[in-house]
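A.B. asks: Sharing a sequence plus its predicted fold:
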Amino acid sequence: MCKTKKDTQQGEMNNQWIHDPKGYNIKSGYYQLQGGHPFVVWHKDVWNAWCVPKHSIISWLIHHESLNTQEKLFRLQICESNACVLCENGLETHQHLFSGCISGCRYGARVKLQLEAWLQIRLTPDYVGHSELQIRVCRMVLAAFWYALWIEKNACKIDRQLARLEKLVQKIKRIIHARVKLNIAGAVKGN
Ligand SMILES: [Zn+2]
């Protein structure tokens, strides 16, 4: 309590808050107490209205490299292998699982290719040459793809059986359809 009082004293005395030069408000007060946040370029990829919230959570953990991958579990001596459960072709790291490229997880790369062919856009977080709508769709699909891949990886670890690629792609497509419908309905309602 005393530390908080000391930390906020200067701002309070001068009515000058580091994060909001206009003066005190609750938001700036919380920022002050938390000590500010480092700026990350991917925050809109994770936290946006188009993404399914549970997909956003997994994306956020991926960006922080906080999921329990085989590589991490092996390092902690919790499992016997650090190989990728999905393709058995490399060290199962965040980079391997979610890069969606051929040099990463083969299974993931094939799923991503099918989604790109369906949408006719490149699913890449740099969004070069994408329109505003394409960026929104891209963010939503990437988050859904990563979520589905992570769930499938964990299911495969237990069942020792990998879902057919087409089945997983269909599942992602159904989620995207439902989400787009919901967003369009929300936009129409808002008009
Ligand atoms: Zn793999």
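C.D. replies: Cool, the structure landed.
A.B. asks: Below-threshold pLDDT in this protein: ranges please.
C.D. replies: 1-24, 36, 186-191 (pLDDT under 70).
A.B. asks: how about 80 then?
C.D. replies: 1-38, 161-163, 183-191 (pLDDT under 80).
A.B. asks: got the residues of it near the ion?
C.D. replies: Selection of the chain residues close to the ion by Cβ under 5 Å from the ion yields 84, 86-87, 105. To be clear about C-beta, it is placed using only N, CA and C from the backbone, and glycine gets the same treatment.
A.B. asks: how does it look with 6 Å?
C.D. replies: Contact residues (Cβ under 6 Å from the ion) of the chain with the ion: 84, 86-87, 89-90, 96, 105, 107.
A.B. asks: quick one: contacts for the residue nearest the centre of the chain?
C.D. replies: In the chain, the residue lying closest to the centroid (Cα atoms, centre = their mean) is Ser59, at 1.6 Å. Neighbour list for Ser59: 45-46, 51, 142-143, 146-147 [criterion: Cβ atoms under 8 Å, 6 or more residues apart in numbering].
A.B. asks: how about the CA coordinates for the host helix or strand of it, as PDB?
C.D. replies: According to DSSP states H and E, Ser59 maps onto helix 53-63. What follows is helix 53-63, C-alpha atoms only, in PDB (Å, rounded to 0.1, in the frame of the first residue of the first chain):
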ATOM      1  CA  PRO A  53     -11.800 -15.800 -27.700                       C
ATOM      2  CA  LYS A  54     -10.400 -19.200 -26.900                       C
ATOM      3  CA  HIS A  55      -8.400 -19.000 -30.200                       C
ATOM      4  CA  SER A  56      -7.100 -15.600 -29.000                       C
ATOM      5  CA  ILE A  57      -5.900 -17.100 -25.700                       C
ATOM      6  CA  ILE A  58      -3.900 -19.900 -27.500                       C
ATOM      7  CA  SER A  59      -2.500 -17.300 -29.900                       C
ATOM      8  CA  TRP A  60      -1.400 -15.100 -27.000                       C
ATOM      9  CA  LEU A  61       0.300 -18.100 -25.400                       C
ATOM     10  CA  ILE A  62       2.000 -19.000 -28.700                       C
ATOM     11  CA  HIS A  63       3.400 -15.400 -29.000                       C
END
